[in-house]
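Engineer: Mind looking at a prediction? Sequence and model below.
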Amino acid sequence: QVQLVESGGGLVQAGGSLRLSCATSGGAFSSYAMGWFRQAPGKEREFVAAISWNGDSTNYADSVKGRFTISRDNAKNTVYLQMNSLKPEDTAVYYCAKNRRSRWYTFGKPVEYDYWGQGTQVTVSS
């Protein structure tokens with residue numbers, strides 16, 4: 001059974017930084033692209049960032065480009081999201097997700113992912 005567990009969320013002031021981690025187990029982590037999504041109250045879940053199975057390709061939502069960095073450590077079965085210059089509008093529950101297709105890189109749509117973590121809350125105060 002594939003499991004994804006996020007950590008690293010919290011309360012931070014605007015302009016601050018947080019690093020989210022997503023530890024995975026039960027699957028061939030190094031064969032799958034991974035993504036980060038977020039969902040704010042009353043809003044739909046939205047794409048934040050994605051990384052290919054070998055880390056060669058990354059993609060970001062326009063709203064976080066230049067501020068967030070996605071990375072992965074296949075030896076540790078973990079994907080990270082470094083978030084800098086945080087803004088109040090970044091406040092949301094952040095989820096990591098595993099792409100449903102091995103050695104295939106698609107991103108952006110929740111339907112492209114088959115396993116999700118439970119989420120970690122990020123709150124940015126102004």
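Structural biologist: Sure, I can see it.
Engineer: Point to the residue nearest the middle of this protein.
Structural biologist: In the chain, the C-alpha nearest the mean C-alpha coordinate belongs to Trp36, at 2.2 Å (C-alpha atoms, centre = their mean).
Engineer: Contact partners for that residue?
Structural biologist: When contacts are counted by C-beta atoms under 8 Å, 6 or more residues apart in numbering, Trp36 touches 20, 22, 48-50, 70, 79, 81, 94-97. (Each C-beta comes from the backbone N, C-alpha and C, glycine too.)
Engineer: Would you mark the buried spots in the host helix or strand of it?
Structural biologist: With elements taken from DSSP states H and E, the one containing Trp36 is strand 34-39. For strand 34-39, burial by neighbour count (16 or more other C-beta atoms under 10 Å) applies to 34-38.
Engineer: So which of the contacts of Trp36 is the closest to Trp104?
Structural biologist: Nearest to Trp104 out of the contacts of Trp36 is Ala50 (C-beta to C-beta; 11.7 Å).
Engineer: Let me see the contact set for that closest one.
Structural biologist: By C-beta under 8 Å, 6+ apart, the contact list for Ala50 reads 33-36, 58-59, 70, 99, 105, 107-108.
Engineer: do the same with Ser125
Structural biologist: 11-14, 88.
Engineer: Would you mind writing the CA trace of stretch 30-50 as CSV?
Structural biologist: Taking C-alpha atoms only, stretch 30-50 is exported to CSV below (Å, rounded to 0.1, in the frame of the first residue of the first chain):
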residue,chain,number,x,y,z
SER,A,30,11.9,6.6,-8.2
SER,A,31,9.7,5.6,-11.1
TYR,A,32,7.0,8.2,-10.6
ALA,A,33,6.6,11.9,-11.1
MET,A,34,5.4,13.7,-8.0
GLY,A,35,3.4,16.9,-7.4
TRP,A,36,2.4,19.4,-4.8
PHE,A,37,-1.1,20.9,-4.7
ARG,A,38,-2.8,23.2,-2.3
GLN,A,39,-6.4,24.0,-1.3
ALA,A,40,-7.5,27.1,0.5
PRO,A,41,-10.9,27.3,2.3
GLY,A,42,-13.7,27.6,-0.2
LYS,A,43,-11.5,27.1,-3.2
GLU,A,44,-10.7,24.2,-5.5
ARG,A,45,-7.5,22.2,-5.2
GLU,A,46,-4.8,23.9,-7.3
PHE,A,47,-1.5,22.8,-8.8
VAL,A,48,1.6,24.2,-7.2
ALA,A,49,4.7,22.3,-8.5
ALA,A,50,5.7,19.0,-10.1
